[in-house]
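# Show me the folded form of this:
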Amino acid sequence: MSNLSPVVARVTDRIIERSKTSRAQYLDLAAHEADRHSDRGFLSCSNLAHGFAAAGDDKTAIAAGSTINLGIVTAYNDMLSAHQPYGRYPDQMKLFAREIGATAQVAGGVPAMCDGVTQGFPGMELSLFSRDTIALSTAVALSHAMFDGMAMLGICDKIVPGLVIGALRFGHLPAVFIPAGPMPTGISNKEKQKVRQLYAEGKVGRDDLLASESASYHSPGTCTFYGTANSNQMMMEMMGLHVPGAAFVQPGTPLRQALTRAAVHRLAGMTRKGNDYRPMARIVDEKAIVNAIVGLLATGGSTNHAIHLPAMARAAGIVIDWQDFDELSGVVPLIARVYPNGSGDVNHFHEAGGMAWVVRELLQAGLAHADILTVAEDGMSAYAREPLLTESTLAWKPAATVSGDETILRTVVDPFQSDGGMRLVSGNLGRAIFKTSAVDKERWTIEAPCRVFDKQEAVAQAFKAGELDRDVVVVVRFQGPCANGMPELHKLTPPLGVLQDRGHKVALVTDGRMSGASGKVPAAIHVSPEALGGGPLALLRDGDVVRLSADEGSLSTAADLSARAPTTPSAAEKGMGRELFTLLRMHAGSAERGGSAMLEAAGL
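You can find the predicted model right below:
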């Protein structure tokens, strides 16, 4: 692209050079697998018979071997609102496949936990490693080698990254990711946040809080705030793995079903049995990964993807780090404000112009790569168009030329913020991510005595006891992947927000994660190396002055740490199945490398 930003070009070239060996090895593997598994004919008759024994009317077609057979990997459950709509998808998709002479089978299911349910409780310690589990489950599903293409049904936090990682190891096959869409808008985000803070202050009771939360999370579909789940959907568009415009169309609508139908038809058209072979290994390349980072920055997406994107990239032989995020953030402006970074939710974002607007703006400004292979035949330019139904026919129209709401969407030349709002901060306390797009600029630098905690529950207790009612940097350590699985610490947001609203200078420093729904309070998160194993946070003591500055890109203390012995954490807790994940904790990589034990063990 002639107008590509020099910084985007430089970062991309650096990633390509850094990944040269590992990417070549990955592509060699994909090519080898494509040759070895070019069709189901290599299976013995017994193997093959097992594979279509329950296929009903599709038996004859699958047995013949010439028919395209699509494997569906589904994260359906009916406890998780985002995935409840998937219950009927397989039956629909089989009908859509038959329309074009193809077949489809559910290859397998993957777990799908809800961080909103486990937030602040022991189950959250399984959350990050559920991504590895999902990747492994995806591999198990696809290992039957019965399939010519992969239809991936998943939306939420660890689920899409896990599906991507697992599917990439079968990258000789084409893949389409098929979302189900967000639930309709509930009560205003401002009202929801107000009730949460009143509850944190003890001014309203549990019944009022539950009524408020139930009015926000109220029906099938993805939660409507712009957290990790909806950031996933944005990234699938930016990487070209969706049918264009599929991300934020609500469940149960005719347009939603038409997009699912189009996805099945398109997947069948990308297999080796046609003339437009588009294996996933070629779609997810270095430029696609850069596009995902750029989209994340331009829309103020979830900081969880500072962990997930490195892991997904590694599965494709691509090596990225937080410096890449930081440099891209310097040139990618923030053009979307969606709750918690703004007042509107993803439905309002979609109505204002949505992903078509974002893609059009980024391509025109030379901030995203247009020359990547995508699911769409027309490449990335197709994602700058909006889907619509015209007399029951699916079509696409160009992105709006005027924002439907300038409090939510703006142009690259008139952004909300000149940079993407995701900074690398580093110093003698380690390397961390600071999401500036969610924090008022006057709070980008905080320097204050710290109060050190080893458990998030202790923070809540100290807050209720009035021990934090002052300028303070709250340090919550032993929350990294090796310590306890790196749970999100979203429940810290309301009490810290109360302290900030009282006029105190407040910041959070942690080797744990914060939810994509968190914001407002300045925070250095994912601190690496983590405290367990001797990371610098293990050397801090109450009262040490800590300086966190997004302005300077620094995370440091003036205290002399050299003579101190690291604090020893308490033993890992059992219960809620946490002990079953001990092996993953023992071998997990750093947050900057994706926090995965599976990828570390595989040498990826």
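# Can you list the low-confidence ranges for the stretch 401-550 of the chain?
Within the stretch 401-550 of the chain, the segments meeting pLDDT under 70 span 515-519.
# For it, which segments count as helices?
456-464, 481-484, 493-501 (DSSP state H, counting those that start in this stretch).
# okay, the angle between the helix-or-strand element of the chain with minimal mean pLDDT and helix 493-501?
Least confident helix or strand of the chain, by mean pLDDT, DSSP states H and E, is helix 189-200 with a mean of 83. Angle, helix 189-200 to helix 493-501, by axes from the mean of the first three to the mean of the last three Cα atoms, to 10 degrees: 90 degrees.
# Report all helices and strands that helix 189-200 contacts.
Judged by 3 or more Cβ pairs under 8 Å, 6 or more residues apart in numbering; DSSP states H and E, the packing partners of helix 189-200 are helix 206-216, helix 493-501. Just so you know, the C-beta spots here come from the backbone N, C-alpha and C atoms, and that holds for glycine as well.
# Can you list the buried residues in the shortest one?
Buried residues in helix 493-501, counted by 16 or more other Cβ atoms under 10 Å: 493, 494, 495, 496, 497, 498, 499, 500.
# And stretch 338-353, by the same measure?
338-342, 344-350, 352-353.
# Over to it now: how far is its first residue from its last?
12 Å (Cα to Cα, to the nearest Å).
# Centre of the chain to it, how far?
Centroid separation for stretch 338-353 versus its chain: 18 Å, with Cα atoms, centre = their mean, to the nearest Å.
# Look at the residue nearest to residue 544 when sequence neighbours are not counted and tell me its secondary structure.
Of all residues not flanking residue 544 in the chain, residue 559 sits nearest, at 4.0 Å (Cβ to Cβ, 6 or more residues apart in numbering). Counting by DSSP: H, G, I helix; E, B strand; the rest coil, the backbone at residue 559 sits in coil.
# Going along the chain, name the strands of the stretch 151-300 of the chain.
175-177 (DSSP state E, counting those that start in this stretch).
# If you could redo that for the chain, that was the one I meant.
Ranges of strands in the chain, per DSSP state E, are 69-74, 103-109, 149-153, 175-177, 385-390, 393-398, 422-427, 430-435, 445-453, 472-476, 506-510, 523-528, 545-549, 554-557.
# who wins for proximity to residue 45 among the helices of the stretch 401-550 of the chain?
helix 481-484 (45.4 Å; Cβ to Cβ).
# Can you give the contact residues for the closest one?
Residues from elsewhere that reach helix 481-484 (Cβ atoms under 8 Å, 6 or more residues apart in numbering): 125, 128-129, 478, 511, 530-533, 569, 572-573, 578, 585-586, 588-591, 595, 597.
# And for the residue nearest to residue 570 when sequence neighbours are not counted, the neighbour number?
Using Cβ to Cβ, 6+ apart and skipping residues adjacent in sequence, the residue nearest residue 570 is residue 454, 6.9 Å away. If you count neighbours by other Cβ atoms under 10 Å, residue 454 ends up with 18.
# Residue 454: what's it in contact with?
476, 477, 478, 567, 569, 570.
# quick one: the residue lying closest to the third one once chain neighbours are set aside from residue 443, how far?
The shortest distance from residue 478 to any non-neighbouring residue, by Cβ to Cβ, 6+ apart, is to residue 569 (4.3 Å). To residue 443, residue 569 is 30 Å away according to Cβ to Cβ, to the nearest Å.
# ditto for residue 102
Residue 102 is 55 Å from residue 443, by Cβ to Cβ.
# cool, and residue 463?
For residue 463 relative to residue 443 (Cβ to Cβ), the value is 19 Å.
# residue contacts, residue 106?
Going by Cβ under 8 Å, 6+ apart, residue 106 touches 71, 72, 74, 90.
# Please list only the buried members of those residues.
Buried residues within those, counting neighbours by 16+ other Cβ under 10 Å: 71, 72, 74, 90.
# Residue 168 is nearest to which of the helices of the stretch 401-550 of the chain?
Using Cβ to Cβ, the nearest of these to residue 168 is helix 481-484, at 20.6 Å.
# that older thread, format the helices and strands packed on helix 189-200 as a markdown table; extra columns: distance to residue 364.
Below are those laid out as a markdown table (distance: least, Cβ to Cβ, whole Å):
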| stretch | distance to residue 364 |
| --- | --- |
| helix 206-216 | 35 |
| helix 493-501 | 36 |
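# Which of these sits closest to residue 181?
helix 206-216 (16.9 Å).
# how far does that closest one sit from the chain's center?
Relative to its chain's centre, helix 206-216 lies at 27 Å (Cα atoms, centre = their mean).
# so where is this structure shaky, pLDDT-wise?
Applying pLDDT under 70 to the chain flags the ranges 1-2, 515-519.
# repeat that with 50
When residues are selected by pLDDT under 50, those of the chain lie in 1.
# returning to that earlier point: run through who's touching the least confident helix or strand of the chain.
With contact meaning Cβ under 8 Å, 6+ apart, helix 189-200 is reached by 204-206, 208-209, 212-213, 215-216, 225, 339-340, 343, 345, 463, 494-495, 497-498, 501.
# number of nearby residues for residue 506?
Neighbours of residue 506 (other Cβ under 10 Å): 26.
# is it possible to export the contacts of residue 106 to TSV including distance to residue 177?
Formatted as TSV, the contacts of residue 106 follow (distance: Cβ to Cβ, whole Å):
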residue	distance to residue 177
71	13
72	12
74	12
90	15
